[in-house]
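>>> From the sequence below, what's the structure:
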Amino acid sequence: MPRNKRISALHWGATMAAALLIHGAAHATDVFELEGFGATARAMGGAATAQDTGPAGMLINPAALSLAPDGNRMMVGVDVITTDIAVTDLATGEVAKSSTHGANRGPYYAPEIGYTWHKGPLAIGLGVFAQGGLGTEYGNAGFLSRATGGLATGLQNSSRLLEIAAPVAVSYAITPRLVLGASIEGRWQSLNLDLLLGADQVGSLIAAGRVDGTLLPVLGGLPALRGAQFSLTRNQIVGGGVRSLGVGERIGLIWHAAKGTTLGLSWAPRTQMADMKGGATLTAIDAVAGQIPLTGTIAIRDFQMPHRIDFGVSHQVTPALTVALDVSELFWKQVMANINVGFVADNGGTLNIQLPQGYHNQTIVALGAAYRIDPRWTLRAGVRIANEALPASTLFAVIPATPDKHLTFGVARHVGSGGEINFAYSHGFAPTLGNSSLPNTSASIAVSHAQNNFVLDYRFGF
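This next block holds a predicted model:
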């Protein structure tokens, strides 16, 4: 099927997926992706490639559907994400904290809904899950809202990215030891962004050849340009100032290497998302002429999630104790070299900007354990460690995405004949990342970002 027709066919499903969002967006921790899907994986550091973590496991390895017991299984759940983000101006000591200044930011709630069917060698699954995102809101009165020369603008600095995946997955046991799986995901993404750039930042971008368009000489002709702000925000529970639809794919395998030992491998290519498009306002800030807003349309071009490889092993040490290890490689370098922005004003003027990002590829190690106390209660714990993908020199205050170390734990309670309540807690430790480099910041800043994530889900078989 042609790519544009596939995207069109996904429109209804993705719209329904978005409607299931309870409030806000998930502030992701593996850059823009959550550190585990479902309470089982989250409680075990995100390890899911080689073990049964419930219907959410199809987001990592579709072949893991075969590890579920025969029959039907349903899962409903919610992620709750709370963040603690602070940006410090190293020259003045001023601190800007991300908090709820508007109607659509934190704490963040995201849905988990999944269904699986397994009989003999065949298993099928489908669902709707928050894949990840980010969210910040610094208000309009702090140092981040001042243009070059200390000019107070009263303009917002904020962000909200949301990624929702709706996978359809299938797995088949080729032999009793080897299982193959594949999935296709309808994907929907949206972005709110209020980004103020000082005149020195704009000048640095121009000097580096990162800005062009017919509006460039207009900005340069202002008598005392102090900065410019892009605003592409919808203050609504669901959606963003720009949105797009697309698809993702995934293939995986499970290998039962020995009694009690399972190996898993999964590969997902980069997503195929259309450009995010919507309405926006470009406001030029001039010390003489004041604020000059230009309305128009904006596109965030080729904003993709990276291709990734996940390898995992799980081992049942005793009838009560299971341990699992995942090693994942995410190829951010291929998709996050720049943020490519194209603006077309209502009067026809154009402005194109390449905002540098230069992400590194990321290696993530997740280690978890589950201990079954008795037939009703299971305890889980884990750790997750990754290298920092975001270079300090390209840090934006509104796009921190910096936590890379997590401790996790959780508990499961079996209820009735086939029900299970799962809870998980994940703490992302607060690294401090500093940036003193144009063009992504005017002031020398240090960003501290910690968060506490909670997952609660209910599963039942029938």
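>>> CA atoms for contacts and neighbours, from now on please.
OK.
>>> Count the residues that sit near Thr297.
By other C-alpha atoms under 10 Å, the residues close to Thr297 number 20.
>>> Doesn't it lie inside a strand?
Yes - following the definition DSSP: H, G, I helix; E, B strand; the rest coil, Thr297 is counted among the residues of a strand.
>>> Would you agree it is in contact with Ala280?
Yes - in this structure, Thr297 is within contact of Ala280 by C-alpha atoms under 8 Å, at 5.5 Å.
>>> residue contacts, Arg413?
In this structure, Arg413 makes contact with 376-378, 420-422, judged by C-alpha atoms under 8 Å, 6 or more residues apart in numbering.
>>> pLDDT and distance to Lys333 for those residues - can I get that in CSV?
Converted to CSV, the contacts of Arg413 look like this (pLDDT from 0 to 100; distance: C-alpha to C-alpha, whole Å):
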residue, pLDDT, distance to Lys333
Arg376, 95, 45
Trp377, 97, 42
Thr378, 98, 39
Glu420, 96, 40
Ile421, 97, 39
Asn422, 97, 35
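>>> Most neighbours among the residues you listed, which one is it?
Neighbour max across the contacts of Arg413 (other C-alpha under 10 Å) = Asn422, 21 neighbours.
>>> Now for the spatially closest residue to that residue that is not a sequence neighbour, how many residues are close by?
Counting by C-alpha to C-alpha, 6 or more residues apart in numbering, the nearest residue to Asn422 once its immediate chain neighbours are dropped is Ala412, at 4.4 Å. Residue crowding around Ala412 was assessed by other C-alpha under 10 Å; the count is 23.
>>> same deal with Ala430?
18.
>>> Check Lys259 too.
The number of residues packed around Lys259, counting by other C-alpha under 10 Å, is 8.
>>> Please report how far it lies from Asn352.
Distance check for Lys259 against Asn352: by C-alpha to C-alpha, to the nearest Å, it reads 58 Å.
>>> Low-confidence regions, this structure specifically.
When the per-residue scores of the chain are filtered using pLDDT under 70, the ranges that remain are 1-29, 100-107, 237-238, 401.
>>> if you set the cut-off to 50 instead, what comes out?
With pLDDT under 50 as the threshold, the chain has low-confidence stretches at 1-28.
>>> Regarding it, what is its longest strand?
strand 178-198 (DSSP state E).
>>> Can you mark which positions in that strand are buried?
Applying a neighbour-count criterion of 16 or more other C-alpha atoms under 10 Å, the buried positions in strand 178-198 are 179-198.
>>> cool, stretch 199-208 as well?
Along stretch 199-208, the positions that meet the burial threshold by neighbour count (16+ other C-alpha under 10 Å) are 199-206.
>>> Next: stretch 257-268.
Residues of stretch 257-268 classed as buried: 261-268 (neighbour count, 16+ other C-alpha under 10 Å).
>>> hmm, back to that, closest to Asn340 among the contacts of Arg413?
Nearest to Asn340 among the contacts of Arg413 is Asn422, at 40.5 Å by C-alpha to C-alpha.
>>> Sheet partners, orientation included, of the helix or strand hosting the closest one?
Here Asn422, judged by DSSP states H and E, is contained in strand 419-428. Strand 419-428 pairs in its sheet with strand 405-415 (antiparallel), strand 445-461 (antiparallel), by DSSP bridges.
>>> How far does it sit from its chain's centre?
For strand 419-428, the separation from the chain centroid amounts to 19 Å (computed by C-alpha atoms, centre = their mean, to the nearest Å).
>>> now the helix or strand just after that strand, how far from the centre of its chain.
Sequence-wise, the next helix or strand beyond strand 419-428 is strand 432-435, with elements assigned using DSSP H and E. For strand 432-435, the distance from its own C-alpha centre to the chain's C-alpha centre is 20 Å (C-alpha atoms, centre = their mean).
>>> Give me the contact list for the helix or strand containing Leu219.
Using DSSP H and E, Leu219 sits in helix 216-220. Contact with helix 216-220 is made by 225, 284, 351, as judged by C-alpha under 8 Å, 6+ apart.
>>> okay if I get these as a markdown table plus neighbour count and secondary structure?
Below are the contacts of helix 216-220 laid out as a markdown table (neighbours: other C-alpha atoms under 10 Å; DSSP: H, G, I helix; E, B strand; the rest coil):
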| residue | neighbour count | secondary structure |
| --- | --- | --- |
| Leu225 | 23 | strand |
| Ala284 | 23 | strand |
| Leu351 | 17 | strand |
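>>> All set now, cheers.
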